[in-house]
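Peer 1: give me the fold of what follows.
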Amino acid sequence: SLGLYGFSMATSGRRRSGPRTHKSRRAPTKREEAEGTTLRLAVLNCEDHGVYGRDVMRSLCELFDETLPDVSWRLFEYNAKQFQFPSDRDLEAVHGVIIPGSRSSAYEDEPWVAALLSFIRSRIHARRIKTLGLCFGHQAIAMALGGVVKKNSPGLRAGANEFRLMNGAECVLLLEDRGGRRDRPSRTNADTLRLLYHHGDVVDRLPPSARLLGVSDECPCDAAAYFDSSSSVAYMVTLQAHLEFETKVGKKCLKDILDSDAQKGISASYLEKCRESMELETDSVEATQAVVRYLWLDPPKPKHRFR
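Peer 2: Numbers count the residues shown, from 1 in each chain. Below you'll find the predicted structure:
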């Protein structure tokens, strides 16, 4: 038994219920069951409506199955918009947390957003729980810890985009020996990553505990890592991109979202450019494998320091 029972509610009087469990296609071996080594992650689902709400958990599950075929995993889904968050006991039973995207903004005056930011500060940050933030999750973590999130002045950024690695990002986002570099013939610049995006907000300023890992001309913060003052190993990694959009379900979700953007007055030529960019090779699979290894499967030794 994993001990995942119910939720600690940010607002009293809310209905209590247990998390939904999503399992890997690969069943755990008897040894994994005996040793309790199945990867267990709490997902704070921040969208329960629309196309993304329909597909976010399916695409995350597909991402884990496709990029981590040798790993047995469990994802425990909490509905953050319904004020459902892991209890202290729940957090003790998982290896970490994922905060994915949302149609909402981290700076919105919404009760559930305030509850999420409070949970990030009082539970995830205070306990140094190893966490991955994607898109809205990237922004919410920064906002909760004193950073600045705002509208992206150029407007919507979507499809496949590249950003420049910096400040030792190779330690987190690439698979080769941490701190090393590799020959990447598919890129004009070996120090870039190409991932899939859809966002209208950006992290304009990181909190003091964060280090900038990636930047582009279109976004002041594409990736970040958060550190305890006593450690050189990050306990949170965040990306403005959507790693889960790389899957079959995720790509269809992104295409459906782009179709809905056409009804919002977004330039048809720009949306077509975004769709065409989705045919490009991306680094989402490697980035997923690298981040999961860094945070949960094979945490780096202290000698693997950021420059």
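Peer 1: just the strands from the chain, written as ranges.
Peer 2: In the chain, strands defined by DSSP state E lie at 20-23, 39-45, 73-79, 96-99, 131-134, 148-151, 157-165, 192-199, 201-205, 210-215, 223-227, 234-239, listed in chain order.
Peer 1: can I get the ones you listed in TSV including distance to Lys252, mean pLDDT and mean neighbour count?
Peer 2: Using the backbone N, CA and C atoms, a C-beta is placed for each residue, glycine as well. Putting the strands of the chain into TSV (distance: least, C-beta to C-beta, whole Å; pLDDT from 0 to 100; neighbours: other C-beta atoms under 10 Å) gives the following:
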stretch	distance to Lys252	mean pLDDT	mean neighbour count
strand 20-23	19	94	14
strand 39-45	19	97	23
strand 73-79	20	97	21
strand 96-99	21	98	24
strand 131-134	18	98	25
strand 148-151	27	98	16
strand 157-165	14	97	22
strand 192-199	12	97	22
strand 201-205	24	98	20
strand 210-215	26	97	21
strand 223-227	25	97	25
strand 234-239	21	97	26
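Peer 1: can I get those strands in TSV including distance to Gln289?
Peer 2: What follows is the strands of the chain, written out as TSV (distance: least, C-beta to C-beta, whole Å):
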stretch	distance to Gln289
strand 20-23	19
strand 39-45	13
strand 73-79	13
strand 96-99	15
strand 131-134	12
strand 148-151	28
strand 157-165	16
strand 192-199	13
strand 201-205	24
strand 210-215	17
strand 223-227	16
strand 234-239	13
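Peer 1: now for those, which one comes closest to Gly53?
Peer 2: In this view, the strands of the chain are compared for proximity to Gly53 by C-beta to C-beta, and strand 39-45 is the closest at 8.1 Å.
Peer 1: so how far is that closest one from its chain's centroid?
Peer 2: Distance, stretch centre to chain centre, for strand 39-45: 11 Å (C-alpha atoms, centre = their mean, to the nearest Å).
Peer 1: so which elements touch it?
Peer 2: Strand 39-45 makes packing contacts with helix 50-67, strand 73-79, strand 96-99 when contacts are defined by 3 or more C-beta pairs under 8 Å, 6 or more residues apart in numbering; DSSP states H and E.
Peer 1: how many neighbours does Ser216 have?
Peer 2: Neighbour count of Ser216, defined by other C-beta atoms under 10 Å: 18.
Peer 1: right, and it touches Val202 too?
Peer 2: No. Counting by C-beta atoms under 8 Å, Ser216 sits too far from Val202 to count as a contact (10.3 Å).
Peer 1: one step back: out of the strands of the chain, flag the one nearest Leu258.
Peer 2: Among the strands of the chain, the nearest to Leu258 by C-beta to C-beta is strand 157-165 (6.3 Å).
Peer 1: quick one: strands adjacent to the closest one?
Peer 2: When sheet partners are counted by DSSP bridges, strand 157-165 sits next to strand 192-199 (antiparallel), strand 210-215 (antiparallel).
Peer 1: quick check: angle from the shortest one to strand 223-227?
Peer 2: Compare the direction of strand 210-215 with that of strand 223-227 by axes from the mean of the first three to the mean of the last three C-alpha atoms, to 10 degrees and you get 160 degrees.
Peer 1: buried sites along the lowest-mean-pLDDT helix or strand in the chain?
Peer 2: For the chain, counting by mean pLDDT, DSSP states H and E, helix 30-35 ranks last in confidence among helices and strands (a mean of 79). Within helix 30-35, no residue is scored as buried using 16 or more other C-beta atoms under 10 Å.
Peer 1: cool, and stretch 80-100?
Peer 2: By neighbour count, with 16+ other C-beta under 10 Å as the criterion, the buried positions of stretch 80-100 are 80-81, 83-87, 90-91, 93-100.
Peer 1: and that stretch, C-alpha only, in PDB?
Peer 2: Coordinates of each C-alpha in stretch 80-100 appear next as PDB, following Å, rounded to 0.1, in the frame of the first residue of the first chain:
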ATOM      1  CA  ALA A  80      -5.900  21.400  -8.200                       C
ATOM      2  CA  LYS A  81      -8.800  23.400  -9.700                       C
ATOM      3  CA  GLN A  82     -11.000  21.600  -7.200                       C
ATOM      4  CA  PHE A  83      -8.700  22.300  -4.300                       C
ATOM      5  CA  GLN A  84      -7.400  18.800  -4.200                       C
ATOM      6  CA  PHE A  85      -3.800  18.500  -3.100                       C
ATOM      7  CA  PRO A  86      -1.700  15.700  -1.600                       C
ATOM      8  CA  SER A  87      -1.700  15.400   2.200                       C
ATOM      9  CA  ASP A  88       1.500  15.200   4.100                       C
ATOM     10  CA  ARG A  89       1.200  11.400   4.200                       C
ATOM     11  CA  ASP A  90       0.700  11.400   0.400                       C
ATOM     12  CA  LEU A  91       3.800  13.400  -0.200                       C
ATOM     13  CA  GLU A  92       5.800  10.900   1.900                       C
ATOM     14  CA  ALA A  93       4.600   8.100  -0.400                       C
ATOM     15  CA  VAL A  94       5.800   9.600  -3.700                       C
ATOM     16  CA  HIS A  95       9.100  10.400  -5.200                       C
ATOM     17  CA  GLY A  96       8.000  13.800  -6.400                       C
ATOM     18  CA  VAL A  97       5.500  16.100  -8.100                       C
ATOM     19  CA  ILE A  98       4.600  17.300 -11.600                       C
ATOM     20  CA  ILE A  99       2.700  20.500 -12.200                       C
ATOM     21  CA  PRO A 100       1.600  20.700 -15.900                       C
END
